[in-house]
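Enquirer: Turn this into a model:
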Amino acid sequence: MTSDKTQNAVPEIARFFHRLLTIHPFIDGNGRVAREFANLQARELLGLSSDILLNQGPRYNSSLRRADGQDFSELEALFQAAIDGAR
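Expert: Numbers count the residues shown, from 1 in each chain. Below is the predicted model:
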């Protein structure tokens with residue numbers, strides 16, 4: 001079951017993650033750095049004790065492209081699944 005705290009944090013984490021990928025100055029390593037920040041946010045905001053593991057397959061890439069067009073629903077779903085898996 002998803003708590004209100006998680007429901008409020010997931011959109012913010014997803015948007016921060018996407019924004020960081022778009023402004024991060026390195027050609028290589030953007031994903032690793034952004035995922036590390038997402039882990040830190042999940043630990044801080046949600047009290048998780050283990051890292052979240054984002055699925056990085058085709059759905060991940062599709063969710064990032066959709067987020068480029070301001071549709072964050074898929075990216076939020078990926079983060080929700082990763083957070084649920086880390087609990």
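Enquirer: Which SSE is immediately downstream of the lengthiest helix in the chain?
Expert: Criterion DSSP state H: the longest helix present in the chain is helix 4-23. Beyond helix 4-23 in the direction of the C-terminus, DSSP states H and E gives the next helix or strand as helix 30-46.
Enquirer: Return the set of buried residues in the helix or strand following that following helix.
Expert: Sequence order places helix 58-68 as the next helix or strand after helix 30-46, per DSSP H and E. Of the residues in helix 58-68, 63, 64, 67 count as buried by neighbour count, 16 or more other Cβ atoms under 10 Å. In short, each C-beta sits where N, CA and C put it, glycine included.
Enquirer: Double-check residue 41 against residue 11; I have them as touching.
Expert: No. Assessed by Cβ atoms under 8 Å, residue 41 is found out of contact with residue 11, at 11.8 Å.
Enquirer: Comparing the two, which residue is more hemmed in?
Expert: residue 41 (18 against 15; other Cβ atoms under 10 Å).
Enquirer: ok, how many other residues are close to the closest residue to the more buried one other than its chain neighbours?
Expert: Spatially, and ignoring its direct neighbours in sequence, residue 41 is nearest to residue 13 (5.0 Å; Cβ to Cβ, 6 or more residues apart in numbering). Close neighbours of residue 13, defined as other Cβ under 10 Å, add up to 25.
Enquirer: can you check residue 80 too?
Expert: Residue 80 has 18 nearby residues by other Cβ under 10 Å.
Enquirer: isn't the residue nearest to residue 41 right up against residue 79?
Expert: Yes. Taking Cβ under 8 Å as the definition, residue 13 is a contact partner of residue 79 at 5.7 Å.
Enquirer: list the residues that contact both of these two?
Expert: The contact sets of residue 13 and residue 79 overlap at residue 38 (Cβ atoms under 8 Å, 6 or more residues apart in numbering).
Enquirer: Tell me how far residue 18 lies from residue 47.
Expert: In this view, residue 18 and residue 47 are 23 Å apart by Cβ to Cβ, to the nearest Å.
Enquirer: Could you do residue 56 as well?
Expert: In this view, residue 56 and residue 47 are 25 Å apart by Cβ to Cβ.
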